[in-house]
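Student: got a predicted model here, sequence first, then my questions.
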Amino acid sequence: MCGLLATSCSQREHGGYLTIDLINRKSLPIEHISLSDISESIQIIPLETNDSVLVGRISEIKLESNKLYIHASNGVFVFDSNGKFLNMVGSKGRGPREYVYLIDIFPENDVIWLIDDSGKKALKYTDSGLFLESFDFEKYRFTGYYYSGGDTFIGFIPDLGLNTNIMLAFFDTKGMIDSVLYRNPIMKNGTTVMFYSAEVTFINYGNEIKFKHLFNDTIYNVLNNKLYPNIALNLGAGKANENARGEAARQHHSVVDLFKEMDLTYLYGESDRYIFLTVADTPIFYDKKERKVHKWEFSLPDDKRIDPESSQKFVPKYIDRNGNLIGETTPANLEDNQVIIIAKLK
């Protein structure tokens, strides 16, 4: 009866949440999987290339209202669903309508928010590039951000040794709306020396927001400004212990030394059937139907090859709230822009 609803069934079996067993992940073979094996459909979208439209190294690709929003090293580009260039959004600089260092873009309907981490501000534009408004959040000391819709955001505030509590802050353009204290179980004594700038990840599937702390083995649902345990990751000996972070900070002041002590786990995305993670830089997905963990490398199927000389490797960038796995591949002619792949996951 469970079928693709194995998540909810597993949650009932494990006391309210799904448990994913990752203890034997290191011994798993890398599976070379054709993207067609996990997808219902695949779209191939070559981005328009001309002398004035050259997309740099891509950080993010997001699909919204049949438009592609691409955050690259040389700006934010907007293309239509066929890859035709429409316009750019925003520009780099230190003016009130410019950004210094973008870390996230969040399109919704006909607007897009750009999050400038260096300038500690959010900039709102129409998708045609018209500036609408901005606001700063310097006073909050956020090191993680997520757009939750309707001009509201979630910010992560780490323990910086300033007598602060680790928390998620819920805010909009007018200021803080609410907050929830978040004391990571492995950090119950906190640390006064070190934090990592990408400690948290957020995903949204079916308009259900999930939150994962880098040093924790629990994935939470974010609902009504509260956290609810949703998925537990069994990392075995790879799980961080509560002293590793503080000791590494005191002895080495080095993120690299700290990372030797644990298998860092990022939450990457979700669909009806799959949950995607990276564990110690290894891409992994969990099949909810089979209740099985896979270590993978994706490739394009033969009938979707871009050209005879191009690579068939597929680099995923993002899984959107509709279960689309979005990424890129590079054509053999390096003078051309990248080719965007949109795979509707099972």
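Tutor: That came through, no problem.
Student: shaky segments in the stretch 101-250 of the chain?
Tutor: Confidence mapping of the stretch 101-250 of the chain against pLDDT under 70 gives the ranges 159-165, 183-198, 238, 240-250.
Student: and if we set it to 90?
Tutor: Across the stretch 101-250 of the chain, residues meeting the criterion (pLDDT under 90) sit at 117-120, 136-144, 150, 156-167, 173-175, 181-200, 206-207, 213-218, 234-250.
Student: where do the strands sit along it?
Tutor: Remark: strands assigned in the stretch 101-250 of the chain by DSSP state E, counting those that start in this stretch are 102-108, 111-116, 121-126, 131-136, 144-149, 152-157, 167-172, 175-181, 200-205, 208-213, 218-223, 226-234.
Student: now render those strands as CSV, adding distance to Y274 and mean neighbour count.
Tutor: C-beta: built from backbone N, CA, C; applies to glycine. Converted to CSV, these look like this (distance: least, C-beta to C-beta, whole Å; neighbours: other C-beta atoms under 10 Å):
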stretch, distance to Y274, mean neighbour count
strand 102-108, 23, 20
strand 111-116, 27, 22
strand 121-126, 31, 20
strand 131-136, 36, 14
strand 144-149, 21, 19
strand 152-157, 24, 20
strand 167-172, 26, 19
strand 175-181, 28, 13
strand 200-205, 10, 20
strand 208-213, 14, 20
strand 218-223, 14, 18
strand 226-234, 13, 17
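Student: export those strands to TSV and tack on distance to I20?
Tutor: Compiled in TSV, these are given as follows (distance: least, C-beta to C-beta, whole Å):
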stretch	distance to I20
strand 102-108	26
strand 111-116	30
strand 121-126	33
strand 131-136	38
strand 144-149	22
strand 152-157	23
strand 167-172	23
strand 175-181	24
strand 200-205	15
strand 208-213	12
strand 218-223	9
strand 226-234	5
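Student: quick check: phi and psi at N224.
Tutor: In terms of degrees, to the nearest 10, the main-chain angles of N224 are phi 50, psi 40.
Student: hmm, back to that, and the strands of the stretch 101-250 of the chain: which comes nearest I33?
Tutor: Ranking the strands of the stretch 101-250 of the chain by distance to I33, with C-beta to C-beta as the measure, places strand 200-205 first at 20.5 Å.
Student: what's the closest one packed up against?
Tutor: strand 144-149, strand 208-213, strand 265-270 (3 or more C-beta pairs under 8 Å, 6 or more residues apart in numbering; DSSP states H and E).
Student: out of those strands, which is closest to T329?
Tutor: Nearest to T329, of all the helices and strands packed on strand 200-205, is strand 265-270, at 18.2 Å by C-beta to C-beta.
Student: only C-alpha atoms, please: export the closest one in PDB.
Tutor: Listed next in PDB are the C-alpha coordinates belonging to strand 265-270 (Å, rounded to 0.1, in the frame of the first residue of the first chain):
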ATOM      1  CA  THR A 265      26.300  16.000   5.400                       C
ATOM      2  CA  TYR A 266      24.500  18.500   3.100                       C
ATOM      3  CA  LEU A 267      20.800  18.200   2.300                       C
ATOM      4  CA  TYR A 268      20.600  18.700  -1.500                       C
ATOM      5  CA  GLY A 269      17.000  18.100  -2.600                       C
ATOM      6  CA  GLU A 270      14.000  15.900  -2.600                       C
END
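Student: now that strand against strand 226-234, angle please.
Tutor: Between strand 265-270 and strand 226-234, the angle comes out at 110 degrees (axes from the mean of the first three to the mean of the last three C-alpha atoms, to 10 degrees).
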